[in-house]
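**Student:** Generate coordinates for the sequence data below:
(one chain, ligands or ions: 2)
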Amino acid sequence: MGNKLVEALSAVTTSSKEVVYDILVLKFTVVTACLIGEPNSKNFVLVDTGLENSADYIIESVEKRYGKDSKPKAIILTHGHFDHVGSVIKLSQIWNIPVYIHNLEIPYITGKKDYPLANPKVDNGLIAKMSPTFPHTSIDISSHAKVLPDDFSVPFLPDWKWIHTPGHTDGHISLYREKDGVIIAGDAISTTKQESLLSVVMQSEKISGPPKYLTTNFNKAENSIKHIRNLKPKLLIPSHGKPLDGEELTKHLDYLVNNFN
Ligand SMILES: [Zn+2]
Ligand SMILES: [Zn+2]
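**Tutor:** Ligands and ions are numbered 1, 2, ... in the order given. Okay, here's the model as predicted:
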């Protein structure tokens, strides 16, 4: 079972890193999640929820950073793939908080629609090969699911806007904070070649578009990358791979726009 291997891998090397004073990136080896909000503040949110076995580490990290028994105001999901919603059932129940997602992703977290099976033929890498064994059926958190506001505001985060970055999935979103140019890109852009297990484990820094085996619309994915590039972000935090900043980020984004095939 591919996803069991991915989970086992993740469990042994979980870690976290503060990349900006109010953003903690939680790393589950194959995927990241973020806590946004200053340490010890009461106002913070969780972006994405890692894999199915990530909940304990997320709760531990929350209590360490924000105090015992604290909980985020909300969970925001970039999209509904299994490596982003892995712990959302457990966490939304334990914390009893709303889970925001784009309108077009709602069917996948309310038990109405399944994602298509991953396409292993897009790449020769091991993760691409085992990708058909990844969970693709929808979860059901109807009692907590909420649609993101129409005006692109992000609940509880007044400095942030959500931007629609479809292609990887129809309702994929990224989160952008203009004042310091931080973008949480989800799977719109990866900085590791996610299709190959070796490069995931080594976290070798190759910028790549979205993980190919799960991406449904490559034209839209390309436009989303252009959209992100045009914002001229200063720091990009992807769900897969390491954050990139400064000139390196600009160069990588230009490269991606010019070489998207
Ligand atoms: Zn995805
Ligand atoms: Zn992903």
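
**Student:** Return the nearest residue of the stretch 101-250 of the chain with respect to ligand 1.
**Tutor:** Across the stretch 101-250 of the chain, no residue is closer to ligand 1 than Asp187, which sits at 3.8 Å (CB to the ion). (Glycine included, C-beta is placed from N, CA and C.)

**Student:** What residues does Lys251 make contact with?
**Tutor:** Contacts for Lys251 (CB atoms under 8 Å, 6 or more residues apart in numbering) come out as none.

**Student:** Check this protein for its longest strand and report it.
**Tutor:** strand 157-164 (DSSP state E).

**Student:** Just the buried positions in that one, please.
**Tutor:** Neighbour-count burial for strand 157-164, counted by 16 or more other CB atoms under 10 Å, picks out 157, 160, 162-164.

**Student:** ditto for stretch 17-34
**Tutor:** In terms of neighbour count (16+ other CB under 10 Å), stretch 17-34 has its buried residues at 19-20, 22-34.

**Student:** In contact with the nearest residue to Ile101 once chain neighbours are set aside, which residues?
**Tutor:** Nearest residue to Ile101, sequence neighbours excluded (CB to CB, 6 or more residues apart in numbering): Leu77, at 4.4 Å. Counting by CB under 8 Å, 6+ apart, Leu77 makes contact with 47-49, 84-85, 88, 99-101, 105, 109.

**Student:** still on that earlier bit, let me know the pLDDT of the residue of the stretch 101-250 of the chain closest to ligand 1.
**Tutor:** Note for Asp187: predicted pLDDT of 94.

**Student:** and it, backbone torsions?
**Tutor:** Main-chain torsions, Asp187, degrees, to the nearest 10: phi -100, psi 10.

**Student:** Counting neighbours, what do you get for it?
**Tutor:** Using other CB atoms under 10 Å, the number of residues around Asp187 comes to 29.

**Student:** In the buried residues of stretch 17-34, find the pair that's most separated.
**Tutor:** Comparing every pair within the buried residues of stretch 17-34 by CB to CB identifies Asp22 and Val30 as the most remote, at 25.0 Å.

**Student:** hmm, back to that, dump the contacts of Leu77 to CSV, plus neighbour count, secondary structure and pLDDT.
**Tutor:** Shown next, in CSV, are those (neighbours: other CB atoms under 10 Å; DSSP: H, G, I helix; E, B strand; the rest coil; pLDDT from 0 to 100):
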residue, neighbour count, secondary structure, pLDDT
Val47, 29, strand, 98
Asp48, 28, coil, 98
Thr49, 27, coil, 98
His84, 26, helix, 96
Val85, 29, helix, 97
Val88, 26, helix, 98
Val99, 22, strand, 98
Tyr100, 22, strand, 98
Ile101, 28, strand, 98
Glu105, 27, helix, 97
Ile109, 24, helix, 97
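
**Student:** Quick check: the gap between the residue of the chain most remote from its centre and Ile237.
**Tutor:** Within the chain, the residue lying farthest from the chain centre (CA atoms, centre = their mean) is Lys68, at 25.6 Å. To Ile237, Lys68 is 27 Å away according to CB to CB, to the nearest Å.

**Student:** same deal with Thr169?
**Tutor:** 19 Å.

**Student:** Over to Ser92?
**Tutor:** 22 Å.

**Student:** between those two, which one's more packed in?
**Tutor:** Taking other CB under 10 Å, Ser92 and Ile237 do not tie; Ile237 has more neighbours (26 against 22).

**Student:** my hunch is that the more buried one is in a strand, does that hold up?
**Tutor:** Yes: assessed with DSSP: H, G, I helix; E, B strand; the rest coil, Ile237 lies in a strand.
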